[in-house]
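[1] what's the 3D shape of this:
(chains A and B)
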Amino acid sequence: MSAPVISPMSLPAPGPAPDGPARPVLEVEQVSIRLGGRQILDRVGFTLRAGEFTGLIGSNGAGKTTLLRIVLGLRGADGGSVRVGGKPLTRRARGVGYVPQKIQIEHDAPLRARDLVALGLDGERLGPRLPSRDRRDAVARMLEAVDATRFADARVGTLSGGEQQRVLIAHALIARPRLLVMDEPLANLDLRAGQEIVELTSRVAREQGVAVLLSAHDINPLLPVMDKVVYLAEGRAVHGRTDQVVRSEVLSELYRHPISVLRVDGRILVVAGATVRAEAFDAGERDVRADTAARPAGLPEVHAG
Amino acid sequence: MFAPFMQDTWITAGIVAVIAALVGFFVVLRAAAFTAHAVPNAAFAGAAGAGLVGVSSLVGLGVFSLGGALLIGLLSRKGRHDAVTALTVALMLGLGALFLSWSTEYAPEIYSLLFGEVLGLSSQDVTTTAILGFACVAVLACVYRPLMLSSTLPEVAEARGIRQVRIDLLFLTLVALATTTAVPVVGALLMFTLMIGPPAAARALTRHPAPALTLGVLLALATVWIAIAASYQTDWPIGFFVGVISAAWYLLARAAAAVFRR
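    Residues are numbered from 1 along each chain as shown, chains lettered A, B, ... in the order given. Reported below is the predicted structural model:
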């Protein structure tokens, strides 16, 4: 197994998908951006293929949202290129569905879940639109696919965070995008709702053959469904399968600081400090404690508990 | 009050109500009530200034409504929206006061500019109002979906290629258009009650966008027509009735919604 290499060095191409090498849906190459005198992204690159579920992992302030905004065409980069379906990014809708982290729709806004999903069909088009049976059916099918039929006629503003996420996923997917971008969908959900959203996203995306790029600060809820990970730290990214990327030596090089990756009960703990590294894999009953005194500012203490 | 000379009044007020309710639906959806208050204040300054330079007050209304709206839109891009709006209100009221002090108009005309006047509308006003009203409805029908999307999911709208800045300016232009049509009838100070009251009441009663729009229009029509009748009978200013009835719809709708939810 070849160890993944941290950008800006050249990355090995991710292994071909089980059903043959699909054409990349998203190609991010050498993307750099400086904001307020700080290098947020430094020659970040990775590719996503159809149907792949990719977690964009990084602590707060690692540049996840900035990177997603560049991928969505919401902001430019200082350098590098982003291609969706082989074509350079433009401002028009380009087969990318987007689920924002938070929505602000008032609880009494006269807008049902159904209406919001219908806006996903062609909300950017001008001109009057006549209601049709086809549209209604498409919306109903999409709501069913995300398990949202039972609250389809409720006001969007009165739904819970998890329900709103489902509606937003339906809104994004009904336009049949090639890529679904989700910005921290788990940030405002409890653990169970978060797990449901992850599983649902994975299932629906696989059904539709959509590549998913989902950002999160904790890798663990994504482990059951994730094909690839893009790990973001210090402005750089490392991309590959989880077992290739989330390793002590890879993350230590990424952070430029000793990092220990612990696997406990099928979960991954990322801890700053090298002192526990030797004990990491036979941690068993031992008291595992990171040398937190050596932790520089900005490093995550523990990614998951 | 159903005399032939009142006919134009009923028609004009009806058109005004329809436009105010349609644009008002988006004003409430976008939480832009303060903007809807600021633009008519600009219109007031425009109408006051129009007399000084010898153009029709409608031109003054239009130019200043649009100018005020675009000023808010452009300055808000890089500044605090509420501060920009507040300063626009202050600037426009100040200009209005200055223009009035220079003008030779009689107090009743100024008064009607602020609080509305339905009885003195000429037949030319009906045609102009109808044209402006038609333009307003046509633009709304054209941009309904992008406006709806950017009012509810602004980030998603932007990612789908809808430029926020353009939609903001377009929306403000619609507010200016509605204001230009309505201020001569309901007055600058009370215009925004007609834009806020009926749509806000409607959304308390229905979950669907289309019925909310329709109900808002019906409530706005009821508001202006009741206000005209009441104003005709009592000789009290029409703006008073528009404001009170608009607020009453909202309170009644909230009460009804609370009862039905039980």
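
[2] Name the residues of stretch A:235-246 that are buried.
    For stretch A:235-246, the buried set under the neighbour-count rule, 16 or more other CB atoms under 10 Å in any protein chain shown, comprises A:235-240, A:242, A:244-246. C-beta coordinates here come from the backbone N, C-alpha and C atoms, glycine included.

[3] Where in chain A is the helix or strand with the lowest mean pLDDT?
    The weakest-scoring helix or strand in chain A, judged by mean pLDDT, DSSP states H and E, is strand A:87-88 (a mean of 82).

[4] Quick check: neighbours of that strand in the sheet, parallel or antiparallel?
    Partners of strand A:87-88 in the sheet, by DSSP bridges, are strand A:79-84 (antiparallel).

[5] re earlier: among the buried residues of stretch A:235-246, which one sits closest to residue B:114?
    Nearest to residue B:114 among those is residue A:235, at 58.0 Å by CB to CB.

[6] quick one, helices of the stretch 151-262 of chain B?
    Here the stretch 151-262 of chain B has its helices, by DSSP state H, counting those that start in this stretch, at B:154-159, B:164-186, B:191-205, B:209-234, B:238-261.

[7] Name the residue of the stretch 151-300 of chain A that lies nearest to chain B.
    Closest contact between the stretch 151-300 of chain A and chain B, by CB to the nearest CB, is at residue A:155 (5.0 Å).

[8] Residue numbers of the stretch 151-300 of chain A in contact with chain B?
    A:153-156, A:168, A:171-172 (CB under 8 Å from any CB of the partner chain).

[9] on that earlier part again, out of the buried residues of stretch A:235-246, which is nearest to residue A:189?
    Distances from residue A:189 to the buried residues of stretch A:235-246, taken as CB to CB, are shortest for residue A:242 (21.7 Å).

[10] one step back: beyond the least confident helix or strand of chain A, next helix or strand please.
    Per DSSP states H and E, the first helix or strand lying C-terminal to strand A:87-88 is strand A:96-99.

[11] which residues of chain B score low on pLDDT?
    Within chain B, the stretches with pLDDT under 70 are B:1, B:105-107, B:118-124, B:262.

[12] Okay, the residue nearest the centre of it and residue B:253: tell me how far apart.
    Per CA atoms, centre = their mean, the C-alpha nearest to the average position across chain B is that of residue B:179, at 4.3 Å. Residue B:179 sits 24 Å away from residue B:253, going by CB to CB, to the nearest Å.

[13] can you pick the most crowded of the residues of the stretch 151-300 of chain A next to chain B?
    Ranked by neighbour count (other CB atoms under 10 Å in any protein chain shown), these have residue A:171 at the top, with 30 neighbours.

[14] Can you point out the helix or strand that includes the closest residue to that one other than its chain neighbours?
    Distance criterion CB to CB, 6 or more residues apart in numbering or on different chains; nearest residue to residue A:171, sequence neighbours excluded, is residue A:120 at 3.7 Å. Using DSSP H and E, residue A:120 falls within helix A:113-122.

[15] Secondary structure element for the closest residue to chain A within the stretch 1-150 of chain B, which one?
    Of all residues in the stretch 1-150 of chain B, residue B:149 sits closest to chain A, at 3.7 Å by CB to the nearest CB. Here residue B:149 sits within helix B:123-152, counting by DSSP H and E.

[16] tell me which residues in that helix are buried?
    Judged by neighbour count (16+ other CB under 10 Å), helix B:123-152 contains these buried residues: B:125-126, B:128-129, B:132-133, B:136, B:139-140, B:143-152.

[17] picking that back up, surely the residue nearest to residue A:171 is in contact with residue A:176?
    No. Applying CB atoms under 8 Å as the test, residue A:120 and residue A:176 come out as separate, 10.0 Å apart.

[18] between these two, which one's more packed in?
    residue A:120 (25 against 11).

[19] What distance do you get for that one to residue A:157?
    Distance of residue A:120 to residue A:157, computed by CB to CB: 17 Å.

[20] which parts of the stretch 1-150 of chain A sit against chain B?
    For the stretch 1-150 of chain A, the residues in contact with chain B (CB under 8 Å from any CB) are A:72-74, A:91-93, A:96, A:98, A:100, A:103, A:105-106, A:108-112, A:115-116, A:119, A:122-129.

[21] Show me just the buried residues among those.
    So, by 16+ other CB under 10 Å, the buried ones in the residues of the stretch 1-150 of chain A next to chain B are A:72-74, A:93, A:96, A:98, A:100, A:103, A:105-106, A:108-112, A:115-116, A:119, A:122-124.

[22] Measure how far stretch B:154-170 is from the centre of its chain, please.
    Relative to its chain's centre, stretch B:154-170 lies at 23 Å (CA atoms, centre = their mean, to the nearest Å).

[23] That stretch vs chain A: in contact?
    Yes. Contact of stretch B:154-170 with chain A (CB under 8 Å from any CB) involves B:155-163.

[24] for that stretch, which positions count as buried?
    Neighbour-count burial for stretch B:154-170 flags B:154-160, B:162, B:167-170 (criterion: 16+ other CB under 10 Å).

[25] ok, back up a step: per-residue confidence at the residue of the stretch 151-300 of chain A closest to chain B?
    Reported pLDDT at residue A:155 in the predicted model: 94.

[26] what residues are up against it?
    A:107-112, B:207 (CB atoms under 8 Å, 6 or more residues apart in numbering or on different chains).

[27] which residues does it form a beta bridge with?
    Note on residue A:155: beta-bridge partners by DSSP bridges are residue A:112.

[28] Against residue A:123, how distant is it?
    According to CB to CB, residue A:155 stands 18 Å off from residue A:123.

[29] Also residue A:183?
    Distance from residue A:183 to residue A:123, by CB to CB: 19 Å.

[30] go on, residue A:257?
    45 Å.

[31] Can you classify the residue located most distally from the centre of chain A as helix, strand or coil?
    Residue farthest from the centre of chain A, counting by CA atoms, centre = their mean, is residue A:130 at 35.4 Å. Secondary structure, DSSP: H, G, I helix; E, B strand; the rest coil: residue A:130 is coil.

[32] which parts of the stretch 51-200 of chain B sit against chain A?
    So the stretch 51-200 of chain B meets chain A at B:141-146, B:148-149, B:152-153, B:155-163 (CB under 8 Å from any CB).

[33] Give me the neighbour count for residue A:37.
    Neighbouring residues of residue A:37 were enumerated by other CB under 10 Å; the total is 5.

[34] Am I right that residue A:29 falls within a helix?
    No. Counting by three-state DSSP, residue A:29 falls outside a helix, being strand.

[35] any idea how far it is from chain B?
    When distance is defined by CB to the nearest CB, to the nearest Å, residue A:29 is 21 Å away from chain B.

[36] Determine the number of other residues adjacent to that residue.
    The burial count for residue A:29: 16, using other CB under 10 Å.

[37] any idea how far it is from residue B:40?
    Relative to residue B:40, residue A:29 is positioned 52 Å away (CB to CB).

[38] what's the distance between the residue nearest to the centre of chain B and chain A?
    Residue B:179 sits 23 Å away from chain A, going by CB to the nearest CB.

[39] quick one, phi/psi of residue A:216?
    When quoted as degrees, to the nearest 10, the phi and psi of residue A:216 stand at phi -160, psi 150.

[40] which residues touch the nearest residue to it once chain neighbours are set aside?
    With CB to CB, 6+ apart as the criterion, residue A:216 has its nearest non-adjacent residue at 5.6 Å, and that residue is residue A:186. Neighbour list for residue A:186: A:194, A:197-198, A:216, A:218, A:221 [criterion: CB under 8 Å, 6+ apart].
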